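**Student:** Sequence plus the predicted model coming up.
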Amino acid sequence: MIKITSKHFEVTESIRERIEARLDKLARHDVQLINPHVILEQEKQGFKIEASVGIPSAKLFAQAKHDDLYAAINAMGQKLEKQLNRLTHKPESQRHAALKREDEAIDDDFDDNLEEEYAA
């Protein structure tokens, strides 16, 4: 259940549906969302939206400002998706360092074999 708090205006059903749809896109990453909380605020120059979402390994936070409320919701959703994508693919991005260490180990074994052949 998404907790939506608004300041200075009332949340309509269409706003609630848009926020829920945007956060449902995070579910594509097969991660459980823990206590998602969205705060909507109307300012003089437009709208400000903040979202904090817990996941089992971290906590995501995003903030967006825009003249149009729906554009602010989309920007906030994109920021959350980017953070979640970075967290879920972090082990894959560290693969390069592991492969480099394996290559160094192979090179060391190869050098040892050459020295043994020439010593005999």
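**Tutor:** Here it is on my side, so go on. Remember, it's a predicted structure, so these values are computed and weren't measured experimentally.
**Student:** Other residues contacting stretch 25-39?
**Tutor:** Applying Cβ atoms under 8 Å, 6 or more residues apart in numbering, the external contacts of stretch 25-39 come out as 2-7, 19, 23, 49-56, 76-77, 80-81, 84-85, 88. Yep, even glycine has a C-beta here, placed from its N, CA and C like the rest.
**Student:** hmm, which of these are the buried ones?
**Tutor:** 2, 4, 6, 19, 23, 49-53, 55, 76-77, 80-81, 84 (16 or more other Cβ atoms under 10 Å).
**Student:** any chance you could map the strands in the chain?
**Tutor:** Ranges of strands in the chain, per DSSP state E, are 3-7, 34-43, 46-55, 58-66.
**Student:** With distance to Glu13 and mean pLDDT as extra columns, can I get those in TSV?
**Tutor:** Shown next, in TSV, are the strands of the chain (distance: least, Cβ to Cβ, whole Å; pLDDT from 0 to 100):
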stretch	distance to Glu13	mean pLDDT
strand 3-7	11	91
strand 34-43	14	93
strand 46-55	17	93
strand 58-66	21	93
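**Student:** Next, format those as a markdown table and append distance to Ser14.
**Tutor:** Shown next, in a markdown table, are those (distance: least, Cβ to Cβ, whole Å):
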| stretch | distance to Ser14 |
| --- | --- |
| strand 3-7 | 13 |
| strand 34-43 | 13 |
| strand 46-55 | 14 |
| strand 58-66 | 17 |
